[in-house]
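Participant: Coordinates only, no sequence provided:
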């Protein structure tokens, strides 16, 4: 296979890409995109390298770069460098998760972190976002912090998880019924 964007892929990566594409029938290359992106991309890559890799993969798989960007950002959890925080908290807001308490989990996170959804804390340690689906609808509600995804959460369990991540001594246990006792207080000096 002759790749037009070989400068962004090493020889090993090109061979791996060709081997992966051979596993899929002609015309079904789109199904390989998630696996290919997972293997080719790394968090240490610069934004320009990521875009070049997306161009190469879009050419090989016959999909648009926009489709690959959505797969990369939504399914694989990649963020742009300026969006990077210590703990990127995502709460599923699809209907099954909302019916099982996803809205209450979002409210508990907003209350404990002291910020509305779509923003990050002053110290940059936490960001809170909505996601449409984590593909575990039968186990909802679902939340994800960075690459750690958990199912069957309650507001109390979610706040307990956040407290453990913040490094603060937890004021509640996962079995406690009180959701917020000691909200997160970011220090202006921490980074």
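Facilitator: Ah, there it is. Just so it is clear, the model here is predicted, and its values are computed rather than measured.

Participant: Tally up the residues packed near residue 161, please.
Facilitator: The burial count assigned to residue 161 is 20, neighbours taken as other CB atoms under 10 Å. For the C-beta atoms, the positions are set from N, CA and C on the backbone; glycine is no exception.

Participant: do the same with residue 135
Facilitator: 10.

Participant: Please report how far it lies from residue 26.
Facilitator: Residue 135 sits 27 Å away from residue 26, going by CB to CB, to the nearest Å.

Participant: do the same with residue 62
Facilitator: 10 Å.

Participant: Could you check which of these two is surrounded by more residues?
Facilitator: Relative neighbour count places residue 62 above the other of residue 62 and residue 26, with 12 against 7, counting by other CB under 10 Å.

Participant: Would you agree that one is in contact with residue 29?
Facilitator: Yes - under the criterion of CB atoms under 8 Å, residue 62 makes contact with residue 29 at 5.6 Å.

Participant: so where's the protein uncertain?
Facilitator: 1-8, 43, 75-85, 168-191 (pLDDT under 70).

Participant: All the strands of it, in order from the start?
Facilitator: 87-92, 119-120, 126-131, 143-145, 148-150 (DSSP state E).

Participant: Which elements pack onto the first one?
Facilitator: Using 3 or more CB pairs under 8 Å, 6 or more residues apart in numbering; DSSP states H and E as the contact test, the elements touching strand 87-92 are helix 102-113, strand 126-131, strand 143-145, helix 155-166.

Participant: and it with strand 126-131, angle?
Facilitator: 20 degrees (axes from the mean of the first three to the mean of the last three CA atoms, to 10 degrees).

Participant: Strand 87-92 versus helix 155-166: what angle between them?
Facilitator: Going by the same axes, to 10 degrees, strand 87-92 makes 160 degrees with helix 155-166.

Participant: Measure how far strand 87-92 is from the centre of its chain, please.
Facilitator: A distance of 7 Å separates the centroid of the chain from that of strand 87-92, by CA atoms, centre = their mean, to the nearest Å.

Participant: What are the buried residues along that strand?
Facilitator: 87-92 (16 or more other CB atoms under 10 Å).

Participant: Partner strands of that strand, with direction?
Facilitator: When pairing is defined by DSSP bridges, strand 87-92 lines up against strand 126-131 (parallel), strand 143-145 (antiparallel).

Participant: and the angle from the first one to helix 102-113?
Facilitator: Think strand 126-131. 170 degrees.

Participant: Who are the packing partners of the longest helix anywhere in the chain?
Facilitator: Using DSSP state H, we find that the single longest helix of the chain is helix 47-61. Judged by 3+ CB pairs under 8 Å, 6+ apart, the packing partners of helix 47-61 are helix 11-22, helix 33-40, helix 65-70.

Participant: tell me the most buried of these?
Facilitator: Each of the helices and strands packed on helix 47-61 was assessed for mean neighbour count using mean count of other CB atoms under 10 Å. The highest is helix 33-40, with a mean of 17.
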